[in-house]
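Colleague: fold the following for me, if possible:
(one chain, ligands or ions: 1)
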Amino acid sequence: MKNFVRIENVGQTFNTRKGPFVALRDVNLNVARGEFISLIGHSGCGKSTLLNLVAGLALPTAGALLCEEREITGPGPDRAVVFQNHSLLPWMTCFQNVYLGVQRVFGATESKAQLADRVLRALDMVGLEHARDKLPREISGGMKQRVGIARALAIEPKVLLMDEPFGALDALTRAHLQDELSRIVALTHSTTIMVTHDVDEAVLLSDRIVMLTNGPAATIGDVLEVGLERPRDRVKLANDPRYQACRAAVVDFLHRRYGNPNQGTERAVEAASSPACVAEPSDDERALRQVA
Ligand SMILES: Nc1ncnc2c1ncn2[C@@H]1O[C@H](COP(=O)(O)OP(=O)(O)OP(=O)(O)O)[C@@H](O)[C@H]1O
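Modeller: Here you go, the predicted structure:
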């Protein structure tokens, strides 16, 4: 389906003690089935607000969002969210954490054995079948995040929504999980919308990168078609001029066209020079960073 998720003239205004605060205005985006979209922009521009609207965790104050032509009016099993901080229940094992969601979605129609099978397949997909009986405190941060991804995938959502899923992880674990996510999405053909601050992560994983202008009243400033064939190999891409051109376009948007509005607290700047980067910045990019 061409327009699997439709975001039409969406605006979001929050009522605050100081009066109305316009976070988003006139956001228009169509996401095709199976497409991988990254949302990138400076801190506080409204990426999570937009993702929450697609998740149905909040309703827009203007416009409408649709999934498969049905208006999004609340959360639903067709849209699963993975947050930065996995949010696993600490007293439940990995298996039980994943089982919980599976039971909620398929419990009325499937046997316990079928539900357990779904959980094991999802844990297997993220390489964690061996840790099924461990509690969250007994596994690493990267493993917890993988359980969070398994929990989302196990309910077979039509849309996978990820809010900085790897933001809290060290660079090597992040790179490993990016590769795993890439493999899983190729396998499941999930339609994915991911919020990230990491330019390399966006280029490596996305079909299109949606760049938001600075808030307040943020909107989509530009959309970059990545166009690199899959599967993508981070090592080979490091020297691929097409990869470097994509990266430079996003860095240019973030640092020259829409410079950092929150000097000192901005994470996008860190991300653009993060050790997880697959490519060394070009001289142009280095120069851009210096003027940003
Ligand atoms: N419930 C709310 N009430 C008032 N203002 C809000 C609310 N939620 C978000 N905002 C404001 O809306 C703007 C966008 O916030 P949002 O969390 O979506 O940004 P973000 O791009 O995801 O930021 P970050 O990259 O730092 O996570 C910010 O100025 C934020 O303070």
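Colleague: so what's the residue of the stretch 101-250 of the chain found nearest the ligand closest to, chain neighbours aside?
Modeller: Closest residue of the stretch 101-250 of the chain to the ligand, C-beta to the nearest ligand atom: residue 215 (5.2 Å). Any C-beta I mention is one placed from the backbone N, CA and C, and that applies to glycine too. Using C-beta to C-beta, 6 or more residues apart in numbering and skipping residues adjacent in sequence, the residue nearest residue 215 is residue 45, 4.6 Å away.
Colleague: report how many residues lie close to that neighbour.
Modeller: As a burial measure, residue 45 scores 27 neighbours (other C-beta atoms under 10 Å).
Colleague: before we move on, what about residue 91?
Modeller: Residue 91: 10 neighbours (other C-beta under 10 Å).
Colleague: ramachandran coordinates for it?
Modeller: Dihedral angles of residue 91 (phi, psi; degrees, to the nearest 10) stand at phi -90, psi 0.
Colleague: so who does it touch?
Modeller: residue 135 (C-beta atoms under 8 Å, 6 or more residues apart in numbering).
Colleague: now residue 262
Modeller: So residue 262 contacts 42, 43, 44 (C-beta under 8 Å, 6+ apart).
Colleague: isn't the last one up against residue 215?
Modeller: Yes. Applying C-beta atoms under 8 Å, one finds residue 44 in contact with residue 215, separated by 5.7 Å.
Colleague: these two: which has the busier surroundings?
Modeller: Per other C-beta under 10 Å, whichever of residue 44 and residue 215 has more neighbours is residue 215, with 22 against 17.
Colleague: isn't that one right next to residue 47, touching?
Modeller: No. Using C-beta under 8 Å, residue 215 is not in contact with residue 47, being 9.9 Å away.
Colleague: buried ones in stretch 178-186?
Modeller: Neighbour-count burial for stretch 178-186 flags 178, 179, 180, 181, 182, 184, 185 (criterion: 16 or more other C-beta atoms under 10 Å).
Colleague: returning to what we had before: quick check, the residue of the stretch 101-250 of the chain closest to the ligand in a helix?
Modeller: No. Using DSSP: H, G, I helix; E, B strand; the rest coil, the assignment for residue 215 is coil, not a helix.
Colleague: so for it, what's the pLDDT?
Modeller: pLDDT, residue 215: 88.
Colleague: kindly report the same for residue 245.
Modeller: Value for residue 245, per-residue pLDDT: 97.
Colleague: which elements pack onto the helix or strand harbouring it?
Modeller: Residue 245 belongs to helix 241-252 when assigned by DSSP states H and E. Counting contacts by 3 or more C-beta pairs under 8 Å, 6 or more residues apart in numbering; DSSP states H and E, helix 241-252 packs against helix 199-205, strand 208-212, strand 220-225, helix 283-291.
Colleague: re earlier: just to check, the residue nearest to residue 215 is in contact with residue 217?
Modeller: No. Residue 45 lies out of contact with residue 217 (C-beta under 8 Å); the separation is 10.0 Å.
Colleague: how about stretch 208-223, which residues are buried there?
Modeller: Residues of stretch 208-223 classed as buried: 208-215, 217-221 (neighbour count, 16+ other C-beta under 10 Å).
Colleague: can you check stretch 165-177 too?
Modeller: For stretch 165-177, burial by neighbour count (16+ other C-beta under 10 Å) applies to 165, 166, 167, 168, 169, 173, 174, 175, 176, 177.
Colleague: out of those, which one has the lowest pLDDT?
Modeller: Confidence-wise, residue 168 trails the rest of the buried residues of stretch 165-177, at 81.
Colleague: quick one: what helix or strand has it in it?
Modeller: Counting by DSSP H and E, residue 168 is found in no helix or strand.
Colleague: re earlier: among the contacts of residue 262, which are within reach of the ligand?
Modeller: 43, 44 (C-beta under 6 Å from any ligand atom).
Colleague: dump the contacts of residue 262 to TSV, plus pLDDT and secondary structure.
Modeller: Formatted as TSV, these follow (pLDDT from 0 to 100; DSSP: H, G, I helix; E, B strand; the rest coil):
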residue	pLDDT	secondary structure
42	95	coil
43	93	coil
44	93	coil
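Colleague: ok, and the closest non-adjacent residue to the residue nearest to the spatial centre of the chain?
Modeller: For the chain, the residue nearest the mean C-alpha position is residue 194 (1.7 Å; C-alpha atoms, centre = their mean). Spatial nearest neighbour of residue 194, chain neighbours left out: residue 162 (4.2 Å); criterion: C-beta to C-beta, 6+ apart.
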